[in-house]
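Novice: Structure, please.
(4 chains)
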Protein chains: 2
Amino acid sequence: MLQLRDLPTPGILGKFAERYPDADVTAIASFLYLLRVATDLSLALNTCLSKHDLLQGRWWVLILLMREESTTSTPSILADKLGVTRATMTGLLDGLEQSGLVTRVFAKEDRRSVKIQLTSAGQAKLDVVMPDYYRRLRQCMQGLDEEKRVQLQQLLGLINQGIPALI
Amino acid sequence: MLQLRDLPTPGILGKFAERYPDADVTAIASFLYLLRVATDLSLALNTCLSKHDLLQGRWWVLILLMREESTTSTPSILADKLGVTRATMTGLLDGLEQSGLVTRVFAKEDRRSVKIQLTSAGQAKLDVVMPDYYRRLRQCMQGLDEEKRVQLQQLLGLINQGIPALI
DNA sequence: TTGAAATAGTTAGGAAGCTAACTATAATGT
DNA sequence: ACATTATAGTTAGCTTCCTAACTATTTCAA
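Specialist: Sure, this is the predicted structure:
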């Protein structure tokens, strides 16, 4: 995502704002810091997951399956929910199937389709990973009380509304 | 980064919190929403940049060069500032050099080293891209007044302090 | 009812990141 | 002085994402 380690100093922002009058320095600073913190969170999450032989893509697939009453879904639904292409989902499922965490079951009602089923090994994997992840996340966020968490979500909501303007 | 489109509903979070008592539902919701908004911002930024035949990696390199008084740097310094490996930087610079936006100049004082120089075409590219980017970013962030921007940065700072606990 | 269009999943090939190994040069320490 | 170590940059091969093209099946419409 945002690899940039070297966020602009006020001095640099000022210099750029001089050449480019459209620059809104506090908007830029907030935007870059948001991307930076989110990137660091995502990297930390990956580090945490890789201790359990998982990365975000495969981990999310397991969680999406566990959300279902039947612990079952299809590649295309999973792809939509995860925001990846079906081609990418094929690869993720290949990996998970090889590790024995999910199985492909051919559907009878629509022979184009495949059901993806969380295996007991997959559920067992989640039962190890999730408590670890939740414990760490609780610690990570303990600096924000409930009020601040609500505040943060409101501010993020405002930015979210602005995203279409960026495209 | 976070591809997940389908953020957990309160109901799903409750179900998971039942099975995994370590879950802190407001922490999880804030964390996921932060990752989600940041991901959407990053995707939107890429969309904006790709209209100018750039992606984030190469664009940041141009900006880092422009920050320098001499519009000059070296691959390893650029790699450090961008948070990528030197191998990745080699690839980015290959692309930028092919497009004529930077040049490699062999250094006399240390013959292991190469100076990377922003070309006038590179500067011209920035002079087109940056105003567009700044204009869009201003619009995107206009829902937050100065006070809210400060608040956001403070909240992000608190989360940032917690990141080591996640690793 | 059968030809066209839509849908599910996979495969092939490309982009951009990574690590590890390599070459060349410089710095260091005995 | 010269062997060792460190540094600068590149190359090679891996991963994981993407798009586009493909196969198989189902749906729809004249």
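
Novice: Spell out which helix or strand contains the closest residue to chain B within chain A, please.
Specialist: Taking C-beta to the nearest C-beta, chain B has its nearest neighbour within chain A at A:Ala38, 3.2 Å off. Quick note: C-beta positions are derived from backbone N, CA and C, even for glycine. Following DSSP states H and E, one finds A:Ala38 within helix A:25-50.

Novice: Packing partners of the following helix or strand past that helix?
Specialist: Next helix or strand after helix A:25-50 toward the C-terminus (DSSP H and E): helix A:56-67. With contacts taken as 3 or more C-beta pairs under 8 Å, 6 or more residues apart in numbering or on different chains; DSSP states H and E, helix A:56-67 sits against helix A:25-50, strand A:72-73, helix A:75-82, helix A:86-98, strand A:102-106, strand A:114-118, helix A:120-140, helix B:10-19.

Novice: would you turn these into CSV with mean neighbour count?
Specialist: Shown next, in CSV, are those (neighbours: other C-beta atoms under 10 Å in any protein chain shown):
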stretch, mean neighbour count
helix A:25-50, 19
strand A:72-73, 18
helix A:75-82, 18
helix A:86-98, 15
strand A:102-106, 16
strand A:114-118, 19
helix A:120-140, 18
helix B:10-19, 13
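
Novice: Quick check: buried residues in stretch A:146-153?
Specialist: Buried residues in stretch A:146-153, counting neighbours by 16 or more other C-beta atoms under 10 Å in any protein chain shown, are found at A:148-149, A:151-153.

Novice: what pLDDT, on average, does it get?
Specialist: In this model, stretch A:146-153 has a mean pLDDT of 98.

Novice: Distance from the chain centre to it, please.
Specialist: 20 Å (C-alpha atoms, centre = their mean, to the nearest Å).

Novice: what about it, near chain B?
Specialist: Yes. If you take C-beta under 8 Å from any C-beta of the partner chain as the test, stretch A:146-153 does meet chain B, through A:146, A:148-149, A:151-153.

Novice: Which residue would you name as the spatial centre of chain A?
Specialist: Nearest to the geometric centre of chain A sits A:Gln56, at 6.7 Å (C-alpha atoms, centre = their mean).

Novice: for it, what are its contacts?
Specialist: Applying C-beta atoms under 8 Å, 6 or more residues apart in numbering or on different chains to A:Gln56 gives the contacts A:42, A:45-46, A:49, B:2-3.

Novice: Out of the residues you listed, which one has the lowest pLDDT?
Specialist: By pLDDT, B:Leu2 ranks lowest within the contacts of A:Gln56, coming in at 66.

Novice: returning to that earlier point: reformat the helices and strands packed on helix A:56-67 as TSV; add distance to B:Gly83.
Specialist: Conversion of those to TSV gives the following (distance: least, C-beta to C-beta, whole Å):
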stretch	distance to B:Gly83
helix A:25-50	9
strand A:72-73	35
helix A:75-82	25
helix A:86-98	24
strand A:102-106	34
strand A:114-118	35
helix A:120-140	20
helix B:10-19	32
